[in-house]
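Q: no sequence on this one, just coordinates:
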C-alpha cells in the first residue's frame, strides 16, 4: 500500500484518485490515518486536484482536535491504494498472512476435515448476512444553491468541485445554472442523503472549502423522502 511521495505531483495525483469515492483515508469519520497523510502533504493543494483538496481543507479544519481523533497512527506506507507489485514480491510470509485472513479459509488441496468444516461454516454465515433484509433508512432530498464569486468564475469547474464531495450516504443528482444578476449565475444542484450519515452542515463545510470557486452555499429546499 502507499501513496508514494506526497510532496511530488505524482504522489498527490495518487492521493486525489484514491479520494475520488472516499471522504477519509480510512472509514467514514476522520481519524489518525487522515492526520498521518495530512502531515505528509507539504501544503495547500492545487485546485485541479478536487478530491484531495476537499479532503485537505476538511482535515485542516480539525487543527485543534487532531490529537483526539480516533485510531492509532501507522507508517505512511500503510495507507493508500494497494501496490500490486509489492504484493507479488512480498514473499512467503505475506502469502501466509493472506491465508490467515481469508474469509473462506485455506485453499490448500490437502486441507484437514476441520478446515473444511470451518470453511463451510464461514460461507454459511456470509450467505446468511447477505440474505438479511436491510433496515429502512431515513433519507432526505436537498436542493442546494452554490454561488460563485463573480461572472468570471469557471462554473464547470465549480460544479466538478461540488460533485467531488463524496460521503457514505450521499448521492448527487441533476443540476442547472440560474441567473443571479450582473451576468453572474449560481449552481442549483440536487442531492439525496441518508439522514444519519450526512447533514447540511457537513455539505456546507466541504463545499465552501473550495474557496477559489465558491462564495457561499444555501439550502434552497429540504424534503424528507
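A: Noted; the coordinates are in hand. Just so it is clear, the structure is predicted and the values come from calculations on it, not from any experiment.
Q: how about stretch 3-17: buried residues?
A: 3-4, 6, 11-12, 14-16 (16 or more other Cβ atoms under 10 Å). Where C-beta positions appear, they are placed from N, C-alpha and C, glycine not excepted.
Q: could you dump those residues into a markdown table and include pLDDT?
A: A markdown table is the format used below for those (pLDDT from 0 to 100):
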| residue | pLDDT |
| --- | --- |
| 3 | 88 |
| 4 | 85 |
| 6 | 89 |
| 11 | 88 |
| 12 | 91 |
| 14 | 91 |
| 15 | 91 |
| 16 | 91 |
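Q: can you name the two of those residues that are farthest apart?
A: Across these, no pair lies farther apart than 4 and 16, at 12.3 Å, counting by Cβ to Cβ.
Q: state the helix or strand in which residue 142 lies.
A: In this assignment (DSSP states H and E), residue 142 forms part of strand 139-148.
Q: and the average pLDDT for the helix or strand just after that strand is what?
A: Next in sequence after strand 139-148, counting helices and strands by DSSP H and E, comes helix 155-163. For helix 155-163, the mean per-residue pLDDT is 96.
Q: who are the packing partners of helix 155-163?
A: helix 50-60, strand 139-148, strand 170-181, strand 184-194, strand 214-224 (3 or more Cβ pairs under 8 Å, 6 or more residues apart in numbering; DSSP states H and E).
Q: in that helix, which residues are buried?
A: 155, 157-159, 161-162.
Q: the inter-axis angle of that helix versus strand 139-148?
A: Orientation check (axes from the mean of the first three to the mean of the last three Cα atoms, to 10 degrees): helix 155-163 against strand 139-148 gives 140 degrees.
Q: what residues does helix 155-163 touch?
A: 47, 50, 53-54, 144, 146, 148, 172, 175, 177, 185, 187, 189, 207, 210, 213-214 (Cβ atoms under 8 Å, 6 or more residues apart in numbering).
Q: please work out how many residues are found near residue 191.
A: Residues lying near residue 191 (other Cβ atoms under 10 Å) number 20.
Q: just list whatever residues bridge to it.
A: residue 142, residue 172 (DSSP bridges).
Q: where is the longest helix in this protein?
A: Using DSSP state H to define each element, the chain has its longest helix at helix 113-131.
Q: centre of the chain to that helix, how far?
A: 31 Å (Cα atoms, centre = their mean, to the nearest Å).
Q: tell me where the model's unsure across the chain.
A: Within the chain, the stretches with pLDDT under 70 are 1, 83-111, 130-135.
Q: just to revisit the earlier point, okay if I get the buried residues of stretch 3-17 as CSV plus secondary structure and distance to residue 118?
A: Output for the buried residues of stretch 3-17, formatted as CSV (DSSP: H, G, I helix; E, B strand; the rest coil; distance: Cβ to Cβ, whole Å):
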residue, secondary structure, distance to residue 118
3, coil, 36
4, coil, 38
6, coil, 41
11, helix, 41
12, helix, 44
14, helix, 38
15, helix, 39
16, helix, 41
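Q: from these, pick the one nearest residue 81.
A: Nearest member of the buried residues of stretch 3-17 to residue 81, counting by Cβ to Cβ, is residue 14, at 6.7 Å.
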